[in-house]
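Enquirer: have a look; sequence and predicted model below, questions after that.
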Amino acid sequence: MVQTSAVSAPQLPELIETIYAAVHAPELWPHALDRVAAAIGGRQTVLFTDASVSGMPGVLRSAGTDPVLIDKLLAHYGGVNILSEPCDAMFPTGSVRYSHLAVPDAEFERSEFYHDFFRPHDMYYSCGIKIALSGAAAGQAPSYLSFQRPRSASAFDVEEGLVLSALAPHLRRAFALHRRMAELQTGIAGLEAALTAFDHVVFGLDARKRVVVTNPEAQAILRAGVTLRLKNDRLAAVDPRQNEELQRLIAQAVGEGTRVYAPRQGAMRLERKPGEPLYLAASSFPGAPGRGRQALAATIVLHDPAKRPLSRAAVLRSLYGLTATENRVADLLLQGLDAREISLQIRLTLETARFHVKRVLAKTGTRRQSELIRLMLSLPGMG
């Protein structure tokens, strides 16, 4: 007979720690699921998530779960699962679900799901929990964590279910962290791809002033090591005097020491020998990919006056993802035109012009036209 064992109170922190460790190292999820399964006496373990919401793989199994079982479930048996609908009807989201309470044994044993899927894998009893993801929009699928064991082990009991109840908030939080990290990485990767074709030097900094985005031009200037370098993942000027001014600009751009967001920009000349000085602009970046300011906090853009400047449209498209129409609207806003004048200038309805003005302000993280003008003028080399 399979022995079951409910987790003791001192073990719960260890289980919770294992779950959060898997957020930062997804390869640990099978180990984390094994630990939870061992705590409640589960033999097979499967976790289903909506990958588009959680940022995790759609299906995860514990290390001890037969991968063939997952293949069969996805190929056919998920569609004839006799347990899912009765459990959904009986147990609210977030509560522990017990298969033997939702479906009588006699009915279960007559099903294709049991005969062709559960029984060949020595499974009979199921216990699980349905978890709605934090921040998920209406209609997005919840996650399901399910454990199985043989009939010889007896049905899962309330004491074992309490373990899942205690872990549920931490699983929900872990899935939410996964989603945010996935959005962060996707957003940064997309920005890096856009900046590859951008011939200015561009650095993206997070809220802790660490460099998290660079384009090829920025990487080249770091390799040269003449004007700028990285120190503990943070940007620094080689010249100590200039570095003091650079650190002041960076702190201002990321909003260090401030609690309320407001657009912030600053500029300086970065001397170099030989050659003309570089012009450096530091700007707050509220329109970061993924989840607003969580991805990037600021951008550092360097302009080499010896190079032909990029158009304003190219700069705004690369940094803020403005469309061709939004670029035209931004140019007209820079000239001081209002929404009505813009609608006449580029032959749009007033309502459409207002929509594009709002989009430009939202994407650049500015709240009014004057802030947008200051931001655009702070970007160096815009011709």
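Expert: Perfect, I can see it now. Numbers count the residues shown, from 1 in each chain.
Enquirer: helix or strand: which one has residue 353?
Expert: helix 350-364 (DSSP states H and E).
Enquirer: who's in contact with that helix?
Expert: Helix 350-364 is contacted from outside by 287, 316, 320-322, 325-326, 329-330, 333, 339-340, 342-343, 346, 348, 367-369, 372, 375, using CB atoms under 8 Å, 6 or more residues apart in numbering. In short, each C-beta sits where N, CA and C put it, glycine included.
Enquirer: any of those residues buried? List them.
Expert: Among these, those classed as buried by 16 or more other CB atoms under 10 Å are 287, 316, 320, 322, 326, 329-330, 333, 339, 342-343, 346, 348, 369, 372, 375.
Enquirer: what is the nearest of these to residue 234?
Expert: Nearest to residue 234 among the buried ones among the contacts of helix 350-364 is residue 287, at 22.4 Å by CB to CB.
Enquirer: please, where are all the strands along the protein?
Expert: Per DSSP state E, the chain carries strands over the ranges 44-48, 59-61, 96-98, 125-131, 143-149, 201-205, 211-214, 228-231, 234-237, 265-270, 278-284, 298-303.
Enquirer: export these as CSV, with columns for mean neighbour count and mean pLDDT.
Expert: What follows is these, written out as CSV (neighbours: other CB atoms under 10 Å; pLDDT from 0 to 100):
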stretch, mean neighbour count, mean pLDDT
strand 44-48, 23, 85
strand 59-61, 19, 72
strand 96-98, 22, 94
strand 125-131, 24, 91
strand 143-149, 22, 89
strand 201-205, 25, 86
strand 211-214, 19, 87
strand 228-231, 16, 93
strand 234-237, 18, 94
strand 265-270, 17, 82
strand 278-284, 23, 82
strand 298-303, 23, 82
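Enquirer: with distance to residue 167 added, can I get these in a markdown table?
Expert: As requested, these are exported to a markdown table (distance: least, CB to CB, whole Å):
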| stretch | distance to residue 167 |
| --- | --- |
| strand 44-48 | 12 |
| strand 59-61 | 15 |
| strand 96-98 | 10 |
| strand 125-131 | 8 |
| strand 143-149 | 9 |
| strand 201-205 | 36 |
| strand 211-214 | 32 |
| strand 228-231 | 40 |
| strand 234-237 | 37 |
| strand 265-270 | 46 |
| strand 278-284 | 39 |
| strand 298-303 | 38 |
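Enquirer: so for residue 78, which of these sits nearest?
Expert: Nearest to residue 78, of the strands of the chain and by CB to CB, is strand 44-48 at 8.9 Å.
Enquirer: ok now that closest one, how far from the chain's centre?
Expert: 23 Å (CA atoms, centre = their mean, to the nearest Å).
Enquirer: also stretch 63-72?
Expert: With CA atoms, centre = their mean, you get 28 Å for stretch 63-72.
Enquirer: and the helix holding residue 353, what's buried?
Expert: Buried, per 16+ other CB under 10 Å, within helix 350-364: 352, 353, 354, 356, 357, 359, 360, 361, 363, 364.
Enquirer: with residue 119 as the reference, name the closest of the strands of the chain.
Expert: Closest among the strands of the chain, using CB to CB: strand 143-149, at 11.4 Å.
Enquirer: and the angle from the closest one to strand 125-131?
Expert: 170 degrees (axes from the mean of the first three to the mean of the last three CA atoms, to 10 degrees).
Enquirer: against which helices or strands is strand 143-149 packed?
Expert: Judged by 3 or more CB pairs under 8 Å, 6 or more residues apart in numbering; DSSP states H and E, the packing partners of strand 143-149 are helix 29-40, strand 44-48, strand 125-131, helix 158-195.
Enquirer: now do it: distance to the chain's middle.
Expert: Chain-centre distance of strand 143-149: 25 Å, with CA atoms, centre = their mean.
Enquirer: quick one on the thing from earlier: adding distance to residue 227, write the helices and strands packed on strand 143-149 out as JSON lines.
Expert: Shown next, in JSON lines, are these (distance: least, CB to CB, whole Å):
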{"stretch": "helix 29-40", "distance to residue 227": "44"}
{"stretch": "strand 44-48", "distance to residue 227": "50"}
{"stretch": "strand 125-131", "distance to residue 227": "51"}
{"stretch": "helix 158-195", "distance to residue 227": "19"}
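Enquirer: could you tell me how many residues sit around residue 240?
Expert: Neighbour count of residue 240, defined by other CB atoms under 10 Å: 8.
Enquirer: ok, the one 5 residues further on next?
Expert: When neighbours are defined as other CB under 10 Å, residue 245 has 16 of them.
Enquirer: and the one 10 residues further on, by the same measure?
Expert: The number of residues packed around residue 255, counting by other CB under 10 Å, is 19.
Enquirer: so it touches residue 297, yeah?
Expert: Yes - counting by CB atoms under 8 Å, residue 255 touches residue 297, with 6.8 Å between them.
Enquirer: what touches both of the two?
Expert: In contact with both residue 255 and residue 297: 207, 284, using CB under 8 Å, 6+ apart.
Enquirer: need the helices for the stretch 1-150 of the chain, in chain order.
Expert: Assigned by DSSP state H, counting those that start in this stretch, the helices in the stretch 1-150 of the chain fall at 12-24, 29-40, 51-54, 67-75, 84-90, 99-102, 105-109, 112.
Enquirer: can I get the ones you listed in TSV including mean pLDDT and mean neighbour count?
Expert: Conversion of those to TSV gives the following (pLDDT from 0 to 100; neighbours: other CB atoms under 10 Å):
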stretch	mean pLDDT	mean neighbour count
helix 12-24	79	15
helix 29-40	88	21
helix 51-54	48	18
helix 67-75	79	14
helix 84-90	91	15
helix 99-102	94	18
helix 105-109	94	13
helix 112	92	12
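Enquirer: now these as JSON lines including distance to residue 243?
Expert: What follows is the helices of the stretch 1-150 of the chain, written out as JSON lines (distance: least, CB to CB, whole Å):
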{"stretch": "helix 12-24", "distance to residue 243": "32"}
{"stretch": "helix 29-40", "distance to residue 243": "43"}
{"stretch": "helix 51-54", "distance to residue 243": "42"}
{"stretch": "helix 67-75", "distance to residue 243": "54"}
{"stretch": "helix 84-90", "distance to residue 243": "60"}
{"stretch": "helix 99-102", "distance to residue 243": "64"}
{"stretch": "helix 105-109", "distance to residue 243": "71"}
{"stretch": "helix 112", "distance to residue 243": "71"}
